[in-house]
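Chemist: no sequence on this one, just coordinates:
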């Protein structure tokens, strides 16, 4: 349980540090799979609810989304480098700062004494997701950042899974899936239109 | 029961519309569903609220108001869209109607949800339903617009989900309450953990504020409104932002019930004033009429949260303004859409002298100018006046003064542009041979304008009561 | 056997075994890449051969050049004295000795770098520059790791820290932190001892070298000393990794020393596996690798503080 959470943080940093797009997506998939295992490891009784959630999460976050993003890369013939806006070292520093901040914030609110780590890990993942989102120029890496952000939120949601009904979780998962799907299609179009998926090219619309 | 139908029927109709091959049949499905939806919403006004069952889906006072605005606006837009699709054949043919109907379903879900996580699901669904509609032209600019919209609102909405979870975390100490149900949250607000509640409120303001387009998270708005077809812009400015405000208002209800107004209100006022400031800065000297409308929308979102932030009569004004803004934004976008279709551009320099070529739309635009800037006798005058009066009453004279000053500048900016569009000397003398305007294009906006005018002159008793109760739940009072 | 004797015996084992660990690493790498490879004892043969030879000194060099190999070996032995090789106590121990350990390494490196600059060769200058750059990054991770151990065990000397970090950490619920510390140490060991993925000891292309290029001008006994010091350093750091993972304070001294010997050979195998399974990183990526190791250490430090709070 705690180990899985630590692995989530490790995957966060792996995404931050990796320079190859496909590796980036693979780490994201690994993170999705860990997230899928968490409901089973989390809290005593393994109910049908937990199984359903685990299966759904793994299906969406570890299989469908990575597969879809890889498809987009292949079909749109996207170059394989990540192309960050700031260096990898700086990203790592941001990540380290996020790590400190998350644990700092989490230590001020001790609402979950029993399962300590999940709150700070969720916050770290949210923050590192934001870092990836902001510091990477490629549209597809921004999608990866968004997925990490969403993963962090989802992690936090797990602490409440006892109280939030299944239907809602399915809705959230579905929304995320469709959202990424639409983003993927847009990425595909952007690449065809601009010959690159650098979101830095998207600067035509601005105040004159 | 009826609440569920309001969500499910448009959803099924969306699927149905996708199956039909003929454009005419799809248009019929669209208009038919919209009409049925309006009838369904109307039934709520007949039945008293006490007889409705309290559960996950229930149209309470605030939800009912939002639902009504959305429904009326959508009905008008659906007539417009039926005509628009025949003339313009927007990209994505079949999906266009389906997305519109899915949008209706999602907004209805937001309006009637009493469960905040469900409300979030609806909110995210509105984003997803509307995104394909923005990408209506297959070119770079519309791609850029849809990308910015998707990215910013997805991030915003993800933070909003965090806010929802924080709220659930605030509830953890109270085993007796049902998670995230608005009645329980409000009824047992004193048992919420205030630290989580504060965190939740900040994230909700950022998250749903992004969806509303509050500055500084408004940057998607001009791009998106500028590139989307006008009727989609109208739905976004009139219905989508209304729903986002409803979400924020739900959080405000909880915070108010928990006695944390003193925490929430300064945040709201600051966000509102900053939005007004940004809107003022970009409206003056704006060269594109659709972008102008976008900044005007930022302005009105700012007014809404200021009203919420000052409380008292201001909250009443805010709720009233929600209705007025929804209707007038829909109307303006449709009218401007007519002119943009005629001129082939939304850059003001190339669309002067429209009064001669499109007289009816021109008159409507003039009406819209006075309505949107809050001139009497339109409804927006009343609601803006209430907000400012609320600010004075609640001892925020500087807020009131700043608001009035910026509204005056905005009036000058918008008036300058619209007068130029209507009466300016055309740069190229090539008026199209046919100045005739088709009824569906002008009737809808006229109806909306009439409603806004009516709300300015006379608010029916039942409506007034509902607005009063809704404002009460937000910490407001009826004047 | 009393403590001193046990520590001395462990020291003897490490001093004798160190070149063998390098041999094991090379052998593992060869086996995994389907080559026959050199004998495990190859480094011993090399050392003997070199010691019997004379040394050649360039006219351009000064006493610094001749002094450096001695300084390197002495610092490596000093480091071995500070680390509790047998898992209970080192010969020298005092509060804050992790800092001494880090600076002993730094001291040796300082003279090696001076010697490299002393030759006036541009290649050696380049190697020295890289070595110093990366070493400064290694120190970040090293100190973070030691800080974590200090927080976990409330001890300030290496002997105290490494006595039973796992047991203490499990008591406070931060066993994963210890595992991560071990990982971080191993990653730093690879960097500090100039192994893949930071540096490739088997390369023959000077432009890509870091450590090897600095010692191009050393010959005969001098080279033997430098090679031996490198091997000793690897074994000392390996002993740290072993102590983090396998607390040996309660074992009989003989068993503890046997575990040390076996562990060192396993470390050699581990190094070999890494070398066989991945290529040397491009130079610009090395800082990222070290930052990753430091991030791991930082994370474990935060975890330790978190569960201590």
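Modeler: Great, that's in hand. These numbers come from a predicted model, not from an experiment.

Chemist: contacts, neighbours, all on C-alpha from now
Modeler: OK.

Chemist: what segments of chain A are helices?
Modeler: A:2-17, A:21-41, A:48-57, A:65-75, A:88-108, A:118-135, A:139-158, A:166-194 (DSSP state H).

Chemist: counting neighbours, what do you get for residue 89?
Modeler: Just so you know, I chose chain A. Other residues lying near residue A:89 total 18 when counted by other CA atoms under 10 Å in any protein chain shown.

Chemist: oops, chain C please
Modeler: Residue C:89, neighbours per other CA under 10 Å, totals 23.

Chemist: okay, and the closest residue to it other than its chain neighbours sits in which element?
Modeler: Of all residues not flanking residue C:89 in the chain, residue C:159 sits nearest, at 4.9 Å (CA to CA, 6 or more residues apart in numbering or on different chains). Counting by DSSP states H and E, the element that carries residue C:159 is helix C:158-161.

Chemist: now tell me what touches that helix from outside.
Modeler: Here helix C:158-161 makes contact (CA atoms under 8 Å, 6 or more residues apart in numbering or on different chains) with C:82-84, C:87-90, C:93, C:96-98, C:149-150, C:153-155.

Chemist: what pLDDT does the most centrally placed residue in chain A get?
Modeler: Nearest to the mean C-alpha position of chain A, by CA atoms, centre = their mean, lies residue A:148 at 1.4 Å. At residue A:148, the pLDDT value in this model is 91.

Chemist: can you check residue C:94 too?
Modeler: Reported pLDDT for residue C:94: 87.

Chemist: before we move on, what about residue A:194?
Modeler: In this model, residue A:194 carries a pLDDT of 68.

Chemist: and for residue B:235?
Modeler: Predicted confidence (pLDDT) for residue B:235: 94.

Chemist: element containing the nearest residue to it once chain neighbours are set aside?
Modeler: Spatial nearest neighbour of residue B:235, chain neighbours left out: residue B:330 (6.4 Å); criterion: CA to CA, 6+ apart. Residue B:330 is part of helix B:313-343, with elements assigned from DSSP H and E.

Chemist: just checking, what packs against the next helix or strand after that helix?
Modeler: Per DSSP H and E, the first helix or strand lying C-terminal to helix B:313-343 is helix B:354-357. Packed against helix B:354-357 by the contact rule (3 or more CA pairs under 8 Å, 6 or more residues apart in numbering or on different chains; DSSP states H and E) you find helix B:359-372, helix B:397-423.

Chemist: among those helices, which is nearest chain A?
Modeler: Across these, chain A has its closest neighbour in helix B:397-423 (15.8 Å, CA to the nearest CA).

Chemist: ok so, going back, what is the mean pLDDT for the helix holding residue B:330?
Modeler: Looking at helix B:313-343 alone, the average pLDDT works out to 92.

Chemist: counting contacts, what elements does it pack onto?
Modeler: helix B:61-88, helix B:230-235, helix B:289-310, helix B:359-372, helix B:379-393, helix B:439-457, helix B:461-473.

Chemist: out of those, deepest packed?
Modeler: Of all the helices and strands packed on helix B:313-343, helix B:289-310 has the most neighbours on average by mean count of other CA atoms under 10 Å in any protein chain shown, namely a mean of 29.

Chemist: same for it, what does it pack against?
Modeler: helix B:220-227, helix B:261-283, helix B:313-343, helix B:379-393.

Chemist: now the angle from the second one to helix B:379-393?
Modeler: Counting by axes from the mean of the first three to the mean of the last three CA atoms, to 10 degrees, helix B:261-283 points 130 degrees away from the direction of helix B:379-393.

Chemist: show me what contacts residue C:58?
Modeler: Counted by CA under 8 Å, 6+ apart, residue C:58 has contacts C:119, C:217.

Chemist: does it sit in a helix, a strand or a coil?
Modeler: What DSSP: H, G, I helix; E, B strand; the rest coil gives for residue C:58 is coil.

Chemist: the helices and strands packed on helix B:313-343 into a markdown table, with extra columns for distance to residue A:13?
Modeler: Converted to a markdown table, these look like this (distance: least, CA to CA, whole Å):
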| stretch | distance to residue A:13 |
| --- | --- |
| helix B:61-88 | 43 |
| helix B:230-235 | 40 |
| helix B:289-310 | 38 |
| helix B:359-372 | 50 |
| helix B:379-393 | 48 |
| helix B:439-457 | 53 |
| helix B:461-473 | 45 |
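
Chemist: what does the stretch 151-300 of chain C have sitting close to chain A?
Modeler: C:176, C:287-288, C:291-292, C:295, C:298-299 (CA under 8 Å from any CA of the partner chain).

Chemist: out of the residues you listed, grab the one that's most surrounded.
Modeler: With neighbours taken as other CA under 10 Å, the top of these is residue C:298, carrying 27 neighbours.

Chemist: show me what contacts that one?
Modeler: Taking CA under 8 Å, 6+ apart, one finds A:96, C:141, C:144-145 in contact with residue C:298.

Chemist: what is the orientation angle of the helix or strand that contains it with helix A:118-135?
Modeler: In this structure, residue C:298 sits in helix C:286-308 according to DSSP H and E. Going by the same axes, to 10 degrees, helix C:286-308 is angled at 150 degrees with respect to helix A:118-135.

Chemist: chain center to helix C:286-308, what's the gap?
Modeler: 19 Å (CA atoms, centre = their mean, to the nearest Å).

Chemist: how close does the closest residue to residue C:201 other than its chain neighbours get to residue C:24?
Modeler: Nearest non-adjacent residue to residue C:201, counting by CA to CA, 6+ apart: residue C:195, 6.2 Å away. As for residue C:195, its distance to residue C:24 is 14 Å (criterion: CA to CA, to the nearest Å).

Chemist: who has more neighbours, the two?
Modeler: For residue C:195 and residue C:24, the more surrounded residue by other CA under 10 Å is residue C:24, and the numbers stand at 25 against 22.

Chemist: wait, the more buried one sits on residue C:268?
Modeler: Yes. Using CA atoms under 8 Å, residue C:24 is in contact with residue C:268, at 5.3 Å.
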